[in-house]
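S.K.: fold the following and give me the result.
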Amino acid sequence: MEFKRSIHVGTPHNRMELLQRKNRHIVEITRAMLNEKNLPNSFWVEAVATTIYIMNRTPTTAVHGMTLEKNS
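M.R.: Numbers count the residues shown, from 1 in each chain. This is a model prediction of the structure:
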């Protein structure tokens, strides 16, 4: 079974809102991880990479409970 990822959000304005929301979510999760472990902001790049890694492996309803890792 092959999945084709696409996001239908309509107008360019709606796409921009979607991207801004996704970016804000990444920033919020990254801040939470750094604060939880009392790490300095010098670990920001590694924390963002870890956040995205975790998000890509978290099940989502967009692909019926599968992770992006399973779809690859």
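S.K.: got the residue ranges for the helices in this structure?
M.R.: Taking DSSP state H to define them, one finds helices in the chain at 12-36, 44-56, 68-71.
S.K.: redo those as JSON lines? Include mean pLDDT and mean neighbour count.
M.R.: For the C-beta atoms, the positions are set from N, CA and C on the backbone; glycine is no exception. Output for the helices of the chain, formatted as JSON lines (pLDDT from 0 to 100; neighbours: other CB atoms under 10 Å):
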{"stretch": "helix 12-36", "mean pLDDT": "92", "mean neighbour count": "12"}
{"stretch": "helix 44-56", "mean pLDDT": "95", "mean neighbour count": "14"}
{"stretch": "helix 68-71", "mean pLDDT": "59", "mean neighbour count": "12"}
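S.K.: contact partners for residue 50?
M.R.: residue 33 (CB atoms under 8 Å, 6 or more residues apart in numbering).
S.K.: if I look at it, how far off is residue 43?
M.R.: Applying CB to CB, to the nearest Å, the value for residue 50 to residue 43 is 9 Å.
S.K.: do the same with residue 14
M.R.: Per CB to CB, residue 14 is found 34 Å from residue 43.
S.K.: same check on residue 21?
M.R.: Note on residue 21: its distance to residue 43, by CB to CB, is 24 Å.
S.K.: next, residue 58: phi, psi?
M.R.: phi -90, psi 130 (degrees, to the nearest 10).
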